[in-house]
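> I'd like to go over a predicted model; first the sequence, then the structure.
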Amino acid sequence: MANMRPLAAAALAAAMATPAFAAEDHSQHIYINPSIGMQLFDEDRDLSETDTFNIGLEYRFTDRWAVEGAFSRANADRQHQPGNSGFQELRLDGLYYFANPHDTWNPYVAVGAGDAEWKGDAGRTKTLGTFNTRETRVNAGAGFRYNFSEGFSARFDVREFHGIDDSTFDTQASLGFSLAFGRSADSEPAPEPEPMDSDNDGVNDNRDQCPNTASGASVNSQGCETDADNDGVVDSADQCPNTPTGASVDSRGCETDSDNDGVVDSRDECPGTSAGATVDNTGCTGETESVETFTLNIQFPTNSSVIGNQYDAELQRVADFLKANPETIVEIAGHTDSAGEASYNQALSQRRAEAVANRLVERLNVDSSRVGATGYGESEPVASNDTASGRAENRRVEARIQVER
């Protein structure tokens with residue numbers, strides 16, 4: 001029997017060796033495990049079932065693996081003759097859990113080995129008097145831990161013990177509680193940090209390619225301010241929205257006028273005029289005298305500069321006058337009422353004037369050198385913008401026939 005104890009200890013050490021699982025070490029706990037159980041002894045022991053008191057010290061060194069040292073004590077009556085026997089055992093067990101320490105239910109399986117001792121009167125069944133017997137027992141079993149809180153849990157355990165020396169089988173079921181001490185590292189994943197939007201433009205910093213945009217500015221999906229007319233000046237700083245595509249603009253988003261003659265470069269047919277020179281609507285010098293002005297009855301759809309052929313008869317008057325007076329030129333002047341933004345009205349009137357001028361050239365065969373187009377927006381009203389009828393009069397297109405001196 002003495003030779004069996006080192007063998008059992010070696011088997012236990014092999015069962016408890018878990019270096020391969022060291023990388024799983026996320027949590028470590030120490031449990032104090034008091035419990036009370038019912039132990040059923042092998043029939044050959046001639047001992048009745050009896051209450052058994054246990055106390056264990058468990059070290060759970062990873063989420064799933066633990067080792068426990070336990071001490072058991074009981075006092076059993078003889079079954080077939082008078083007398084009783086005191087029982088005590090010291091054992092070492094290995095446990096594998098199927099859940100993490102913070103989970104409510106923690107089922108496990110266990111194996112272990114220990115040294116048991118019986119002391120009492122009457123001996124086994126054959127010898128009267130006192131006896132003192134020791135035996136090596138190995139065990140296997142299962143149970144579960146129910147966590148009421150991080151530090152307190154209930155524990156139920158069932159074990160089957162095999163006495164190596166006399167080939168006996170004993171069974172024990174126990175119920176107790178556990179007090180836990182220890183630490184948990186990474187027991188729960190760290191919460192993801194809330195994404196930041198430092199400039200409050202609705203685009204998180206990790207995607208914001210234009211940090212520190214002005215408060216309230218309209219931005220695109222990259223967090224950069226929008227530039228509706230693609231002139232390189234963001235909308236919040238653009239004082240001249242809707243500039244023509246490709247036009248050269250200044251820092252305010254307005255078309256440049258390199259020679260400061262009042263005609264923007266995109267319409268200036270005579271760039272580089274001398275400072276202070278009087279120029280016409282094409283940016284060229286020369287005096288002009290208006291000899292006739294036709295108000296054209298042309299209706300455009302809302303926010304549109306499209307003109308149809310139904311107005312060719314109206315425009316024919318202008319074409320006929322130009323043909324009859326070859327020394328004249330015409331300026332198509334577009335006008336709007338004051339409803340809406342002034343900058344938008346300016347651009348709309350320019351587009352409408354250009355549409356009429358193009359119609360004279362392309363459909364009525366007027367020489368393009370004799371036709372110009374200027375949008376005046378809401379700057380030249382002929383009636384009050386306070387009434388519907390006045391605003392209707394101001395929404396007009398004029399053909400100003402001029403003689404160039």
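Great, that's in hand.

> contacts, neighbours, all on C-alpha from now
Will do.

> what's the neighbour count on residue 291?
Using other CA atoms under 10 Å, residue 291 is surrounded by 10 other residues.

> tell me the contacts of the closest residue to residue 343 other than its chain neighbours?
Of all residues not flanking residue 343 in the chain, residue 240 sits nearest, at 6.0 Å (CA to CA, 6 or more residues apart in numbering). Contact partners of residue 240, counting by CA atoms under 8 Å, 6 or more residues apart in numbering, are 252, 253, 254, 255, 343.

> Neighbour count for those - can I get that in TSV?
Listed next are these as TSV, based on neighbours: other CA atoms under 10 Å:
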residue	neighbour count
252	17
253	24
254	19
255	19
343	15
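
> Turn the residues you listed into a markdown table, columns for pLDDT.
As requested, the contacts of residue 240 are exported to a markdown table (pLDDT from 0 to 100):
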| residue | pLDDT |
| --- | --- |
| 252 | 81 |
| 253 | 75 |
| 254 | 84 |
| 255 | 77 |
| 343 | 90 |
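
> Select from those residues every entry located in helices.
Among the contacts of residue 240, the members found in helices (DSSP state H) are residue 343.

> Assign a three-state SS to the residue lying closest to residue 327 once chain neighbours are set aside, would you?
Nearest non-adjacent residue to residue 327, counting by CA to CA, 6+ apart: residue 403, 6.2 Å away. Residue 403 falls in the strand class when you classify it by DSSP: H, G, I helix; E, B strand; the rest coil.

> Verify the contact between residue 403 and residue 329 for me.
Yes: under the criterion of CA atoms under 8 Å, residue 403 makes contact with residue 329 at 6.4 Å.

> Next one: the residue nearest to the spatial centre of the chain from residue 221, what distance?
Geometric centre of the chain, nearest residue: residue 195, 7.1 Å, by CA atoms, centre = their mean. According to CA to CA, to the nearest Å, residue 195 stands 16 Å off from residue 221.

> Repeat that for residue 79.
According to CA to CA, residue 79 and residue 221 sit 86 Å apart.

> Also residue 258?
Distance from residue 258 to residue 221, by CA to CA: 36 Å.

> And residue 312, by the same measure?
From residue 312 to residue 221 the distance is 47 Å (CA to CA).

> And those two? Which one has more around it.
Taking neighbours as other CA under 10 Å, residue 312 and residue 221 compare with residue 312 leading, 17 against 13.

> Return the set of buried residues in the helix or strand where that one lies.
Secondary structure from DSSP states H and E places residue 312 in helix 312-324. Neighbour-count burial for helix 312-324, with 16 or more other CA atoms under 10 Å as criterion, is recorded at 312, 315, 318, 319, 322.

> mind listing what residue 58 touches?
Applying CA under 8 Å, 6+ apart, the residues near residue 58 are 30, 31, 32, 33, 66, 67, 68, 69.

> what do you get for residue 251?
Per CA under 8 Å, 6+ apart, neighbours of residue 251: residue 233.

> Please report phi then psi for it.
Torsion angles at residue 251 (phi, psi; degrees, to the nearest 10) stand at phi -70, psi -20.
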